[in-house]
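Trainee: here is my input, please return the structure:
(chains A, B and C)
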Amino acid sequence: MFKASIDIDLLRDSIAALSVIVDEVRLKITPAGLSVKAVDAANVAMVIFDLKASAFDSFSADDTEIGLDLVKLNDILGIVEKKTLVDMELEPTAQKLHLNFGGLSYTLSLLDPSTIRSEPRVPQLDLPARVVLNGQDLKRAVKAAEKISDHMTLGVSGNIFFMEAKGDTDQVRLEMDSNQLIDLKSGEANSLFSLDYLLDIIKPAGKANEVSLSIGCDFPILIQFDIAPAVCHVMFLLAPRIESD
Amino acid sequence: MFKASIDIDLLRDSIAALSVIVDEVRLKITPAGLSVKAVDAANVAMVIFDLKASAFDSFSADDTEIGLDLVKLNDILGIVEKKTLVDMELEPTAQKLHLNFGGLSYTLSLLDPSTIRSEPRVPQLDLPARVVLNGQDLKRAVKAAEKISDHMTLGVSGNIFFMEAKGDTDQVRLEMDSNQLIDLKSGEANSLFSLDYLLDIIKPAGKANEVSLSIGCDFPILIQFDIAPAVCHVMFLLAPRIESD
Amino acid sequence: MFKASIDIDLLRDSIAALSVIVDEVRLKITPAGLSVKAVDAANVAMVIFDLKASAFDSFSADDTEIGLDLVKLNDILGIVEKKTLVDMELEPTAQKLHLNFGGLSYTLSLLDPSTIRSEPRVPQLDLPARVVLNGQDLKRAVKAAEKISDHMTLGVSGNIFFMEAKGDTDQVRLEMDSNQLIDLKSGEANSLFSLDYLLDIIKPAGKANEVSLSIGCDFPILIQFDIAPAVCHVMFLLAPRIESD
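Mentor: So this is what the prediction gives:
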């Protein structure tokens, strides 16, 4: 059983964050809320998504799992432009989800969850440095790096957080000290990442007031932010690229 | 003889409505105003357009008929962005139309009306149900149907007006009762229409405060609205599709 | 030596004006400011650009010349959306330009100036008529001409400035008398120009409050305006096309 009502913008932002990694998800439904853990097809990036029951205007659910086509759901929600509530109700057989919003009734066929890759194991990482910055600052650095390369370095050196990209002839670097950052835990950190993934991640992350980056040396980066404070949290784990010289 | 002056937005909206059906029109000019009756090349949809002399800032005309290239005229009017009057004057030979607007003088060559398909006969229809709703509500339903099918059903059941589309797996339905509608004349009505045409028709209809739909069972639908209240009226008649099961 | 700081919008508008003619420029740096003279590859249009030291928030320079890739520089400046200052500093070897703006450090490789076409000689022209008008009026006329032709006539007849284009069947004309113009020096003037170039020139010129046109009979036109009053001036010299009948 699953019956809930949620703000359309929060639902859209949630789908947008998940869509960075996958087009179809196994959505885990419990009385505590909705959650997703998924890796991309190339095994480079992982998303850990948590939407609490308290994020909903109304929420009642038993433990269940459904398979959602995110592309289709996003397309459907695009019909209604104004801010509204989306009422969702799962059919007892869990094969269809009824959506009611903006005066429309939409019956969405669900995917068989067993056809979707199962939940990944989340690795335990001990990342020495941690930086909290405004999403816009991260977005600007990634956009700048894109102009000259297809990968960029993120790291911490003393009290300075830096993002850097090198092209064949040009180079771009953004440095932020602890005054410009929201928070900084200094530590040895310097890793290279593919811009393909970072460009997708900054779409949702760029909207967040606070984005937390946990970084090591040639280690995965953990990018965390709230889609809605206290009730909707998302983490991306992105594998490093090894610098070839 | 034809010499008139009209608000550029009203002229643009009139062209937009006619362009749903045809690219070139025989425009009938009389002392009472301008009118067009035209069918599309596939004989599926008809437009009946009426722009009264009182819609103009100034208007003087004898009975005549001219051939207009709507695509070109629309393109020309796009030059000027701000709201302005368009002065029109027909050359005595009726082969050129002089347009003056926004400080520009444009001489538009006209088409020979005899090369354009002649006015259709408008069928007499006795459509049992009639619904009046806001153009935005119609637009939303058509946009939603487009997501999952290439045709949709419009109908009346008791005091409920419904619009419905069925895809291979999904289904969308919008219902409005007499409280949500501007007006409802109940009657047996349930017809299927091609979304190709409806998507074009909702472009002008979506802007109207009141759109009237007259519907029957597997019968053409009559869609009527004002482009400008009391002075510019447009009717679309759209043939039904026969449901194949 | 070159070290300077300038408003990002003024820098962007300057690049936009130069980009009408060339993608790569020899930029002449002197203690008085920056300047460019360049012709396009087809030898049809010339730009003479002058950006005074007083346009900068800070400026110090020795005489030097650098080669700039305008496309790349424009792309880089697009990273930052908000209004900010751009700090520029030339490396002593003049092979790299350091740009600092919006918290980003960008190192731009410069081109070898000797690989870029050298400064053209600016011809002395005695153009009989001169018209000063708002950039928007020029833009509207060029946009209108584009609808029906690939070239247009600009000229003066008595106290009337006119712009005219003739297509195979249609014709458009904009006339402005001395009341509608900012200034008019009457004289024999009637020349035909390619719209390809005028469409590019009106992009920067369309933003100027005052655009000065010096015109003759089948002679080049001189189009002048300020990008920033008193401190950034640009002139375009455009060769006429000869009318073939």
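Trainee: can you give the domain ranges for chain A?
Mentor: Domain assignment for chain A by automatic domain parsing gives A:2-115, A:129-238.
Trainee: nearest to chain C, out of the ones you listed?
Mentor: For these, the distance to chain C is smallest for domain A:129-238, at 3.6 Å, taking Cβ to the nearest Cβ. Just so you know, the C-beta spots here come from the backbone N, C-alpha and C atoms, and that holds for glycine as well.
Trainee: what pLDDT, on average, does that closest one get?
Mentor: For domain A:129-238, mean pLDDT rounds to 96.
Trainee: does that domain reach chain C?
Mentor: Yes - between domain A:129-238 and chain C, judged by Cβ under 8 Å from any Cβ of the partner chain, the touching residues are A:137, A:140-141, A:143-144, A:147, A:169-176, A:180.
Trainee: list phi and psi for the residue nearest to A:L77 when sequence neighbours are not counted.
Mentor: The shortest distance from A:L77 to any non-neighbouring residue, by Cβ to Cβ, 6 or more residues apart in numbering or on different chains, is to A:R12 (5.5 Å). Main-chain torsions, A:R12, degrees, to the nearest 10: phi -60, psi -40.
Trainee: ok, now the one 4 residues further on?
Mentor: The phi and psi torsions at A:A16 (degrees, to the nearest 10) take the values phi -60, psi -40.
Trainee: just give me the neighbour total for it.
Mentor: Here the count is done by other Cβ atoms under 10 Å in any protein chain shown, and A:A16 has 17 residues near it.
Trainee: and for A:F56?
Mentor: Neighbour count for A:F56, taken as other Cβ under 10 Å: 23.
Trainee: what's the pLDDT at it?
Mentor: Looking at A:F56, its pLDDT reads 98.
Trainee: dump the residue contacts of it.
Mentor: A:F56 makes contacts with A:A4, A:S5, A:I6, A:G33, as judged by Cβ atoms under 8 Å, 6 or more residues apart in numbering or on different chains.
Trainee: the same query, at a cut-off of 10 Å, please.
Mentor: When contacts are counted by Cβ atoms under 10 Å, 6 or more residues apart in numbering or on different chains, A:F56 touches A:3-7, A:10-11, A:33-34, A:85-86, A:88, A:231.
Trainee: swap in A:N134?
Mentor: Applying Cβ under 10 Å, 6+ apart to A:N134 gives the contacts A:R140, A:M176, A:Q180, A:L181, A:I182, A:G206, A:A208, A:N209, A:E210, A:V211.
Trainee: which SS class is the second one?
Mentor: Going back to what we said before, that points to A:M176. Secondary structure, DSSP: H, G, I helix; E, B strand; the rest coil: A:M176 is strand.
Trainee: please list all residues in contact with it.
Mentor: A:M176 makes contacts with A:131, A:133-134, A:137-138, A:141, A:159-163, A:182, A:184, C:103, as judged by Cβ under 10 Å, 6+ apart.
Trainee: and with 7 Å instead?
Mentor: Shown in contact with A:M176 (Cβ atoms under 7 Å, 6 or more residues apart in numbering or on different chains): A:L133, A:D137, A:F161.
Trainee: quick one: it from B:N134, how far?
Mentor: For A:M176, the distance to B:N134 (Cβ to Cβ, to the nearest Å) stands at 50 Å.
Trainee: related to what we said a few turns ago, list buried residues within the contacts of A:F56.
Mentor: Buried subset of these (neighbour count, 16 or more other Cβ atoms under 10 Å in any protein chain shown): A:A4, A:I6, A:D7, A:L10, A:L11, A:G33, A:L34, A:V86, A:M88, A:V231.
Trainee: the fourth one - that's part of a helix, no?
Mentor: Yes - the assignment for A:L10 is a helix, going by three-state DSSP.
Trainee: isn't it right up against A:K52?
Mentor: No - no contact is recorded between A:L10 and A:K52 when judged using Cβ atoms under 7 Å, the distance being 11.2 Å.
Trainee: for whatever residue of chain A ends up closest to chain B, give me its contacts.
Mentor: In chain A, no residue comes nearer to chain B than A:S109, which is 3.6 Å away by Cβ to the nearest Cβ. For A:S109, the contact set (Cβ under 7 Å, 6+ apart) comprises A:Q95, A:K96, B:T169, B:D170.
Trainee: who wins on neighbours among the residues you listed?
Mentor: B:D170 (20 neighbours).
Trainee: how about that residue, phi and psi?
Mentor: Here is the backbone geometry of B:D170 (degrees, to the nearest 10): phi -100, psi 170.
Trainee: cool, A:L199 as well?
Mentor: As for A:L199, its main-chain torsions (degrees, to the nearest 10) stand at phi -60, psi -40.
Trainee: residue contacts, it?
Mentor: Listed by Cβ under 7 Å, 6+ apart, the contact partners of A:L199 are A:V142, A:E146.
Trainee: gap between it and A:K147?
Mentor: Separation of A:L199 from A:K147 (Cβ to Cβ): 12 Å.
Trainee: ok, now A:A4?
Mentor: 43 Å.
Trainee: repeat that for A:V122.
Mentor: Relative to A:K147, A:V122 is positioned 34 Å away (Cβ to Cβ).
Trainee: just the element for the nearest residue to A:F101 once chain neighbours are set aside, please.
Mentor: Setting aside the residues directly before and after it, A:F101 is nearest to A:V86 in space (Cβ to Cβ, 6+ apart), at 4.2 Å. Element membership for A:V86 (DSSP states H and E) is strand A:85-90.
Trainee: average pLDDT across that strand?
Mentor: Rounded mean pLDDT across strand A:85-90 is 97.
Trainee: coming back round to it: are any of the residues of domain A:129-238 next to chain C buried, and which?
Mentor: Buried by 16+ other Cβ under 10 Å: A:D137, A:R140, A:A141, A:K143, A:A144, A:K147, A:D170, A:Q171, A:V172, A:R173, A:L174, A:M176, out of those.
Trainee: contacting residues for A:K139?
Mentor: Residues in contact with A:K139 (Cβ under 7 Å, 6+ apart) are A:I202, A:G206.
Trainee: what segments of chain A are helices?
Mentor: In chain A, the helices defined using DSSP state H lie at A:8-19, A:70-77, A:135-146, A:195-205.
Trainee: what does the shortest one contact?
Mentor: If you take Cβ under 7 Å, 6+ apart as the criterion, helix A:70-77 is touched by A:8, A:11-12, A:15, A:18-19, A:23-25, A:99, A:106, A:108, B:147.
Trainee: any chance of the residues you listed in a markdown table with distance to A:E243 as columns?
Mentor: Converted to a markdown table, these look like this (distance: Cβ to Cβ, whole Å):
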| residue | distance to A:E243 |
| --- | --- |
| A:I8 | 43 |
| A:L11 | 40 |
| A:R12 | 37 |
| A:I15 | 34 |
| A:L18 | 30 |
| A:S19 | 29 |
| A:D23 | 31 |
| A:E24 | 34 |
| A:V25 | 33 |
| A:L99 | 47 |
| A:Y106 | 48 |
| A:L108 | 45 |
| B:K147 | 45 |
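Trainee: buried ones among these?
Mentor: For the contacts of helix A:70-77, a burial check counting by 16+ other Cβ under 10 Å picks out A:I8, A:L11, A:R12, A:I15, A:L18, A:S19, A:E24, A:V25, A:L99, A:Y106, A:L108, B:K147.
Trainee: report the central residue of chain A.
Mentor: A:A17 (4.0 Å; Cα atoms, centre = their mean).
Trainee: mind listing what that one touches?
Mentor: By Cβ under 7 Å, 6+ apart, the contact set of A:A17 is A:V47, A:F49, A:P204, A:I227, A:V234.
Trainee: model confidence for it, exactly?
Mentor: For A:A17, the model assigns a pLDDT of 97.
Trainee: same thing with A:I116?
Mentor: Listed pLDDT for A:I116 reads 94.
Trainee: against C:D87, how distant is the residue of chain A most remote from its centre?
Mentor: What lies farthest from the middle of chain A is A:T169; by Cα atoms, centre = their mean that is 32.9 Å. Using Cβ to Cβ, one obtains 20 Å as the distance from A:T169 to C:D87.
Trainee: now A:F193
Mentor: Distance from A:F193 to C:D87, counting by Cβ to Cβ: 28 Å.
Trainee: so between these two, which is more surrounded?
Mentor: Using other Cβ under 10 Å, the more surrounded residue of A:F193 and C:D87 is A:F193, with 25 against 16.
Trainee: brilliant, that's me finished.
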